[in-house]
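**Q** one predicted model, sequence on top.
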Amino acid sequence: MAVAAVATVTIATSRTSLQVIPQTRLFPSQMPIFSTRRFFTSAKNAVESHTLTKVPAKSYYKTNVIDILKERGLLESITSENLRSASSSPLRVYCGFDPTAESLHLGNLLGIIVLSWFQRSGHKVVALVGGATGRVGDPSGKSLERPDLDLGTIEKNCAGIRGIVGRMLGSPREDCEESGDKIEEDSFVIVNNYDWWKDMNLLDFLREVGRFARVGSMMAKESVKKRLSSEEGMSYTEFTYQLLQGYDFLYMFKNMNVNVQIGGSDQWGNITAGTELIRKTLQVEGTAYGLTFPLLLKSDGTKFGKSESGAIWLSPSMLSPYKFYQHLFSVPDADVIRFLKTLTFLSMNEIQELEEEMQEPEYIPNAVQRILAEEVTRFVHGEIGLQEALQATEALKPGAETELSWATIERIAKDVPSCSLDYDEVLNTSLVDLSVRSGLLSSKSAVRRMLKQGGVYLNNKRVNSEDKVIQEVDIIDGKVILLSAGKKNKMVVRIC
Ligand SMILES: Nc1ncnc2c1ncn2[C@@H]1O[C@H](COP(=O)(O)OP(=O)(O)OP(=O)(O)O)[C@@H](O)[C@H]1O
Ligand SMILES: N[C@@H](Cc1ccc(O)cc1)C(=O)O
């Protein structure tokens, strides 16, 4: 295997020195993993020192991928301990995503991260979009039957999921060439299971799949047992789901040499349906493996999902990179180290250092959350998305005196309330009136009170006088004004 060294680059900025630390790379086709992070030798200089680190992912290669997943808390169960030794040779690993929404969410990110660990360890990975299984609905972990989705929605959702997964696992992202139903990459492929299910008729299914499935073991699956004991029971359609997923594994095992399926812990029943089917139909023992990872939970024990209020979507059209970044930035101290292990590719040594830093008296609150937010936002939204999030964070920072341009305000406009007013309604209007007219505050007296407290900002500049009147120079690029009242209440006023 070729080992290529990556050159050291030091980038001087006005305030900080950014350094790309060289690492060895084993697979040139694999995605470079950059990590802009605050690397503190001392918590005191945490804010000053900014180091761009090439994460030593390739040094992990000497470590077995199963051990990596285990030490990072990404391993719940494996169907056979032999997977550990099997992974010293190249594997083909797949994870499926049903198109139940246009975007995946933070919980689903774990599947992508585990695939990425396999990819970074030299294995090939396949992401499956469930164009067929999405029409049936996985009963795993669900107390009620999933709502039926129309075909248009399923197709739209499939396209959304392919885009998200492709951006994270494809390399490099701008070169992700779609051809037909696949994004062909050296180490990564996307498939849609509708491609093989669309031509399967019922009689073929019963002969090729049903004949090898034992009703007893199907009934013993957790997802089935739970539902059967519920008042609503379970439809025959949903009962069949495990065989659909099981056949996917069989199909890909036979036709694409895929030999490992991964999924969240709730997928165990469906994954073992696949390994059982492979064993029975092909009469092969121990050549197909399943691996599950624990569900990503909040510190209160609830899972990150889409039914929970305020899902943390991965698609920028459903949640801006800024808001995504803010969610991770607000993770409680109790969760942040666990999330660094499961959601980033920082080395365990780096994470341990950060954990120790958090105990220091000089530790700057949320410094580790900032690293988490930067790492995950970059992985999900790319460098451009991260920069967008950082700029919006800076511009919207309570009391920030950031110089604003129209472009900056437009970028943050989707994250704060906005209104449109005629030029005449704005020019020569008092700030007090404009604050009420725009909906920033509900009454003139509230504005005056806030002005007295020094909490009113026009384009991020504090205003103290009640007599302030909006002039042409206050309308940024003739198009927009940013009003703020207090630390968090903002309003973008667009001038039409
Ligand atoms: N919090 C999570 N951590 C890890 N994996 C998850 C998490 N949530 C979902 N998954 C994985 O993504 C798959 C698809 O999720 P699924 O659509 O069943 O639930 P969901 O997206 O969490 O939605 P809901 O909130 O409606 O339960 C799951 O089978 C599971 O393996
Ligand atoms: N059942 C998985 C999705 C999936 C679909 C088909 C598969 O072959 C594998 C996984 C889920 O609910 O997310």
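**A** In hand now; what should we look at? Ligands and ions are numbered 1, 2, ... in the order given.

**Q** next, count neighbours for Lys488.
**A** 9 (other CB atoms under 10 Å). Backbone N, C-alpha and C define where each C-beta goes, glycine included.

**Q** and for Ile262?
**A** Around Ile262 there are 26 residues (other CB under 10 Å).

**Q** off-centre distance for the helix or strand containing it?
**A** If you go by DSSP states H and E, Ile262 is part of strand 260-264. Centre-to-centre, strand 260-264 and its host chain are 18 Å apart (CA atoms, centre = their mean, to the nearest Å).

**Q** check whether that strand comes near ligand 1.
**A** Yes - under the criterion of CB under 6 Å from any ligand atom, ligand 1 is reached by strand 260-264 at 263-264.

**Q** for that strand, what is the average pLDDT?
**A** The predicted model gives strand 260-264 an average pLDDT of 98.

**Q** list the contacts of the following helix or strand past that strand.
**A** Later in the chain than strand 260-264, the nearest helix or strand by DSSP H and E is helix 268-282. Helix 268-282 is contacted from outside by 77, 79, 138, 140, 208-209, 212-213, 217-218, 221-224, 241-243, 245-250, 253-254, 261-263, 284-285, 287-292, using CB atoms under 8 Å, 6 or more residues apart in numbering.

**Q** sitting in helices, which of those do you find?
**A** 208, 217-218, 222-224, 241-243, 245-250, 253-254 (DSSP state H).

**Q** show me which of those are buried.
**A** Neighbour counting with 16 or more other CB atoms under 10 Å marks 218, 223-224, 241-243, 245-250, 253 as buried within these.

**Q** for the residues you listed, point out the one with the lowest pLDDT.
**A** Per-residue pLDDT puts Ser223 lowest of those, at 88.

**Q** now do the same contact list for the spatially closest residue to that one that is not a sequence neighbour.
**A** Spatially, and ignoring its direct neighbours in sequence, Ser223 is nearest to Ser140 (4.2 Å; CB to CB, 6 or more residues apart in numbering). Ser140 is in contact with 222-223, 241, 266-267, 269-270, counting by CB under 8 Å, 6+ apart.

**Q** closest to Lys461 among these?
**A** Asp266 (51.7 Å; CB to CB).

**Q** which of the three states applies to the closest residue to ligand 1 within the stretch 51-200 of the chain?
**A** Nearest residue of the stretch 51-200 of the chain to ligand 1 (CB to the nearest ligand atom) works out as Gly107 at 2.6 Å. Here Gly107 is recorded as helix under DSSP: H, G, I helix; E, B strand; the rest coil.

**Q** quick one: residues contacting it.
**A** So Gly107 contacts 264, 295-296, 303-305 (CB under 8 Å, 6+ apart).

**Q** now Gly111
**A** Applying CB under 8 Å, 6+ apart, the residues near Gly111 are 95, 97, 262-264, 293.

**Q** same question for Val368.
**A** Taking CB under 8 Å, 6+ apart as the test, what Val368 contacts is 333, 336-337, 340, 354, 357-358.

**Q** want to throw those residues into CSV with pLDDT?
**A** Formatted as CSV, the contacts of Val368 follow (pLDDT from 0 to 100):
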residue, pLDDT
Asp333, 95
Val336, 97
Ile337, 97
Leu340, 98
Leu354, 97
Glu357, 96
Met358, 97
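
**Q** looking at those residues, which one is closest to Ile409?
**A** So of those, ranked by how close each gets to Ile409 (CB to CB), first place is Val336, at 31.2 Å.

**Q** quick one: the helix or strand harbouring the closest one to chain centroid distance?
**A** If you go by DSSP H and E, Val336 is part of helix 333-343. Relative to its parent chain, helix 333-343 has a centroid offset of 14 Å by CA atoms, centre = their mean.

**Q** helices and strands around it, which ones?
**A** helix 106-120, helix 348-359, helix 367-396 (3 or more CB pairs under 8 Å, 6 or more residues apart in numbering; DSSP states H and E).

**Q** what is the burial count for Glu383?
**A** Taking other CB under 10 Å as the definition, Glu383 ends up with a neighbour count of 12.

**Q** ok, and the closest non-adjacent residue to Phe304?
**A** Closest to Phe304 by CB to CB, 6+ apart is Gly107, at 4.0 Å.

**Q** pLDDT at the one you found, what is it?
**A** 96.

**Q** and this structure, which residues reach ligand 2?
**A** So the chain meets ligand 2 at 96-98, 128, 130, 133, 138, 193, 245, 248, 267, 270 (CB under 6 Å from any ligand atom).

**Q** what about His327, which SS state?
**A** Looking at His327 with three-state DSSP, the answer is helix.

**Q** tell me how far the nearest residue to it once chain neighbours are set aside lies from Val376.
**A** Using CB to CB, 6+ apart and skipping the chain neighbours, the partner closest in space to His327 is Ile312 (5.1 Å). Using CB to CB, to the nearest Å, Ile312 is found at 10 Å from Val376.

**Q** try Lys226
**A** The value you get for Lys226 to Val376, if CB to CB is used, is 32 Å.

**Q** then Asp477?
**A** 33 Å.

**Q** try Phe293
**A** For Phe293, the distance to Val376 - CB to CB - is 16 Å.

**Q** picking up where we left off before, what residues are shared contacts of Ile312 and Val376?
**A** With CB under 8 Å, 6+ apart as the test, Ile312 and Val376 both reach Phe324.

**Q** higher neighbour count, these two?
**A** Remark: of Ile312 and Val376, Val376 carries more neighbours, 25 against 22, as counted by other CB under 10 Å.

**Q** local confidence estimate at the more buried one?
**A** 98.

**Q** who's in contact with it?
**A** Per CB under 8 Å, 6+ apart, neighbours of Val376: 109, 324, 328, 339, 343-344.

**Q** JSON lines for those residues, including distance to ligand 1 and neighbour count?
**A** Formatted as JSON lines, those follow (distance: CB to the nearest ligand atom, whole Å; neighbours: other CB atoms under 10 Å):
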{"residue": "Leu109", "distance to ligand 1": "8", "neighbour count": "22"}
{"residue": "Phe324", "distance to ligand 1": "16", "neighbour count": "25"}
{"residue": "Leu328", "distance to ligand 1": "14", "neighbour count": "24"}
{"residue": "Phe339", "distance to ligand 1": "12", "neighbour count": "21"}
{"residue": "Leu343", "distance to ligand 1": "10", "neighbour count": "22"}
{"residue": "Thr344", "distance to ligand 1": "15", "neighbour count": "24"}
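
**Q** with those in mind, which one is nearest to Leu396?
**A** Phe324 (14.2 Å).

**Q** for the closest one, give me the pLDDT.
**A** So Phe324 comes in at 95 (pLDDT).

**Q** surely it touches Gly310?
**A** No - taking contacts as CB atoms under 8 Å, Phe324 lies outside contact range of Gly310: 11.7 Å.

**Q** which residues in the stretch 351-496 of the chain form strands?
**A** 418-421, 456-458, 461-462, 480-485, 489-495 (DSSP state E, counting those that start in this stretch).

**Q** residues contacting whatever residue of the stretch 351-496 of the chain ends up closest to ligand 2?
**A** The stretch 351-496 of the chain approaches ligand 2 most closely through Val380 (18.3 Å), counting by CB to the nearest ligand atom. The contact partners of Val380, by CB under 8 Å, 6+ apart, come to 109, 167-168, 314, 321, 324.
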